[in-house]
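Visitor: Following is a predicted model, sequence given first.
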Amino acid sequence: MKTSFIVSSLAAALGASAQLVTFSVVDERNNNLGTLNNIHAGAGFNFYYVGVFDQVLQYNIADSGDATLTNPASDYPFNVGNFEGRFAVGPAVTPAKLEIAENALGVTSIQNWNFWACYDTHDTYNYSASNRNILLTEKDNMTPPGSNCLPVNINVLNV
C-alpha cells in the first residue's frame, strides 16, 4: 500500500514506529509563509490558516498514515483531514491517511491534495478576511478554489 509504505519508510528512517512532526506552509519556491495554525470554526472542527498566531503544534503520524493533533491539556487526539474542501482538525473531521513524500524541491511534504492559501473564503467567523485559509483541491484539479488563492505546500518537519 503506497501510503503506508511512504509513511512507514519515513518513520523507519527516524527510528520510530510513529513520528512527531510539525507542519509549515511554503509557497511554490519553498519560501516559508508561516506555521500551520488552526482556529475554531464550528462544533467539532477547526480550520487551518497560515501563521495567525505563534502556534507550533505537534502531530503524531502513525505507521497507518493517520495523522492526529494531540491537545496538550488533555492528550485527546484530534483527526486531521479534508473537511468540506478545507484542511481541518477536530473530532468531527474524518482522519486522512496522509501521503508524505519528497516534493519536486526535495522537501518532505503532504501529497494528498493541492493546497491553497486563500483570502475571503467565507469561513465561519470570517478570519480569512485578513488571514489565509488553507483550502484543498484534488490532485488532478489545479484550478484555484477562489479568486484570491496562492498555491502552497504543507511541509512536514521533524520535531
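Guide: Cool, the structure landed. The model shown is predicted, which means the values in this text are computed figures rather than measured ones.
Visitor: Show me where the chain has its strands.
Guide: Counting by DSSP state E, the chain has strands at residues 19-27, 32-42, 45-50, 59-61, 67-70, 77-83, 86-90, 100-102, 108-110, 114-118, 133-137, 149-158.
Visitor: Verify the contact between residue 152 and residue 33 for me.
Guide: Yes - with contact defined as CB atoms under 8 Å, residue 152 counts as touching residue 33 (6.6 Å). The way it works is simple: take the backbone N, C-alpha and C, and place the C-beta from them, glycine included.
Visitor: Name the residues contacting each of the two.
Guide: Shared contacts of residue 152 and residue 33, defined by CB atoms under 8 Å, 6 or more residues apart in numbering, comprise 25-27, 50, 117.
Visitor: So for residue 152 and residue 33, which sits in the more crowded spot?
Guide: The residue with more neighbours, out of residue 152 and residue 33, is residue 152; 24 against 16, by other CB atoms under 10 Å.
Visitor: what is the more buried one paired to in the beta sheet?
Guide: In this entry, residue 152 is beta-bridged to residue 27, residue 115, by DSSP bridges.
Visitor: list the contacts for it?
Guide: For residue 152, the contact set (CB under 8 Å, 6+ apart) comprises 25-28, 33, 50, 115-117, 134.
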